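Q: coords please:
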Amino acid sequence: MIRIVVSEMMKICKNPTKQNTTEIAKRMVARYPRSLQDVIDGDIIGLGYHSLAKQLQSRVENVKRPDTPKIKRRNRASDDDTDEISVEQRAHVQDTYGCVNWMPKHLPLPETVTSQSEKKEKMKTFEEINFNSDAVKELIKSTYFTQRKDINNGESIKNLSHEWPFLFKEVGMAAHFQELTGVCLIESFLANVEKKGARLLNFFKCVDAHKHKQVLDALLKVQTEIGQSTGCSGEVIQMVLLLLAHFDEKEEHMFHFVEKTSLAEEVQMDGVPPTPCLIVCGSSCFAAETFMLSIDNEIVNDCITSFTSAICLMFGSYYCFNIHYPVELRSTLEFLQRCFFSINPEKGTKVEWKKKKKVFSVNPRVFTLISDLADHEWTFQ
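A: Coordinates of the predicted model:
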């Protein structure tokens with residue numbers, strides 16, 4: 001189909017531009033959404049026509065290649081999916097990516113600066129174990145304006161964990177995350193795991209393991225360790241580990257393993273990345289009964305009892321605290337974001353920007369996996 005469409009395009013215009021191929025892809029998807037739209041289990045990915053536009057663009061470039069002198073190709077300005085903006089503007093775009101309420105303009109009625117301070121102090125008096133979840137949730141929602149003000153003004157993670165301790169607990173972060181993105185952090189993840197998890201694992205085991213050695217190696221390792229599982233998060237652990245293997249991204253950027261009986265103050269932070277990282281108390285994610293969350297080399301939660309909660313807290317931290325995805329985990333995190341946390345911005349990126357690195361608004365590797373999964377859906381029922 002791609003060959004036929006491009007052939008017809010080039011009969012009319014010998015040198016179609018990226019704008020031309022994008023417009024044609026947009027019209028094709030609008031006419032045949034069920035066949036051509038970028039979608040997984042009913043969730044439209046990005047604009048819905050990005051992968052088709054890329055295929056058309058690649059075909060045009062392949063057809064033109066023999067007729068294009070190499071020196072001209074080298075000097076020609078490359079198309080980019082991100083606008084040329086300043087470093088400061090780019091950082092702001094990354095911070096607000098996927099957010100619907102990044103910085104409220106006003107305090108909610110009838111709140112005052114004094115009432116916000118009183119509620120913040122009240123939360124500090126709650127016991128960390130025996131607290132009323134509904135009360136914490138309401139207090140987090142009512143003080144959201146002040147929390148965002150502190151975070152967006154660059155308050156350190158250490159100070160935030162002291163001033164807003166429940167922001168780093170499941171109940172508090174989930175409430176803040178929902179205000180920030182409009183998405184239920186835990187509920188959305190669990191619903192999507194139930195809906196898509198089995199098919200993703202089946203794809204890795206039946207298709208991907210035969211194509212990529214790193215996936216096969218990870219699968220064999222998972223099958224060896226899964227017997228150590230002590231909880232109900234086994235499927236989620238397999239899913240995350242095999243995603244990392246598929247994208248060839250290293251576990252050490254997401255996990256740091258310590259002894260099973262380690263306390264927070266005993267963890268050596270030298271090898272822990274500054275980005276959100278899970279401290280795994282055990283020889284593997286399957287064997288661990290406790291996880292800790294580290295952000296900016298500060299352990300902000302030392303008693304997470306399930307892997308599912310831990311992965312949700314780690315992911316939520318990127319949004320709640322304006323942290324960019326590290327390049328080393330960009331594909332895994334974006335796939336989780338789009339397919340399991342239901343955050344699907346049409347433009348922008350959450351990936352840390354580095355000079356001379358082309359950053360796409362939608363990761364092509366993520367699209368490729370989504371496309372492969374959609375094809376696999378026909379055989380996996």
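Q: Contacts only, for Leu47.
A: Lys26, Asp38, Glu346 (CB atoms under 8 Å, 6 or more residues apart in numbering). For glycine as for every other residue, the C-beta is placed from the backbone atoms N, C-alpha and C.
Q: Specify the next element, helix or strand, located C-terminal of the helix or strand harbouring Met10.
A: According to DSSP states H and E, Met10 maps onto helix 2-12. As assigned by DSSP H and E, the chain's next helix or strand after helix 2-12 is helix 18-31.
Q: buried stuff in the strand or helix carrying Leu52?
A: If you go by DSSP H and E, Leu52 is part of helix 50-64. Neighbour counts using 16 or more other CB atoms under 10 Å place His50, Ser51, Leu52, Ala53, Lys54, Gln55, Leu56, Gln57, Arg59, Val60, Val63 of helix 50-64 among the buried residues.
Q: now stretch 365-375
A: So for stretch 365-375, counting by 16+ other CB under 10 Å, buried means Arg365, Val366, Phe367, Leu369, Ile370, Ser371, Leu373, Ala374.
Q: in terms of contact, does the last one touch Ser35 like I think?
A: No. Contact criterion CB atoms under 8 Å: Ala374 and Ser35 do not qualify, at 10.6 Å.
Q: Phe255 touches Cys285, doesn't it?
A: Yes. The criterion here is CB under 8 Å, and Phe255 meets it with Cys285 at 6.9 Å.
Q: show me where the protein has strands.
A: 39-40, 43-44, 255-258, 277-281, 290-295, 298-304 (DSSP state E).
Q: Go through those and name the closest to Pro108.
A: strand 298-304 (26.4 Å; CB to CB).
Q: other SSEs contacting that closest one?
A: Under the contact definition 3 or more CB pairs under 8 Å, 6 or more residues apart in numbering; DSSP states H and E, strand 298-304 sits against helix 157-163, strand 290-295, helix 307-320.
Q: now that strand, how far from the chain's geometric center?
A: Strand 298-304 sits 21 Å away from the centroid of its parent chain (CA atoms, centre = their mean, to the nearest Å).
Q: cool, stretch 249-256 as well?
A: 15 Å.
Q: Could you report the separation of Leu160 from Lys137?
A: For Leu160, the distance to Lys137 equals 18 Å [CB to CB, to the nearest Å].
Q: circling back: now the helices and strands packed on strand 298-304 as TSV including distance to Glu187?
A: Listed next are the helices and strands packed on strand 298-304 as TSV, based on distance: least, CB to CB, whole Å:
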stretch	distance to Glu187
helix 157-163	25
strand 290-295	20
helix 307-320	10
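Q: Is it possible to get a markdown table of these that adds mean neighbour count?
A: Shown next, in a markdown table, are the helices and strands packed on strand 298-304 (neighbours: other CB atoms under 10 Å):
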| stretch | mean neighbour count |
| --- | --- |
| helix 157-163 | 16 |
| strand 290-295 | 23 |
| helix 307-320 | 24 |
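Q: Quick one: buried ones out of the contacts of Leu47?
A: Buried among the contacts of Leu47 by 16+ other CB under 10 Å: Lys26, Asp38.
Q: From the contacts of Leu47, which shows the smallest pLDDT?
A: Lowest model confidence among the contacts of Leu47 falls on Asp38, which carries 75.
Q: quick one on the thing from earlier: would you mind writing the CA trace of the helix holding Met10 as CSV?
A: The C-alpha trace of helix 2-12 is given here as CSV (Å, rounded to 0.1, in the frame of the first residue of the first chain):
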residue,chain,number,x,y,z
ILE,A,2,2.8,2.4,0.9
ARG,A,3,4.6,1.8,-2.4
ILE,A,4,1.4,2.4,-4.4
VAL,A,5,0.5,5.6,-2.6
VAL,A,6,4.0,7.0,-2.9
SER,A,7,4.1,6.0,-6.6
GLU,A,8,0.9,7.9,-7.2
MET,A,9,2.1,10.9,-5.2
MET,A,10,5.3,11.2,-7.2
LYS,A,11,3.4,11.1,-10.5
ILE,A,12,1.9,14.4,-9.5
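Q: For the chain, spot the helix or strand the model is least confident about on average.
A: Least confident helix or strand, the chain: helix 70-75 with a mean of 38, by mean pLDDT, DSSP states H and E.
Q: Now do the contacts for Leu242.
A: Leu242 neighbours (CB under 8 Å, 6+ apart): Leu200, Leu201, Phe204, Asp208, Val215, Ala218, Leu219, Val222.
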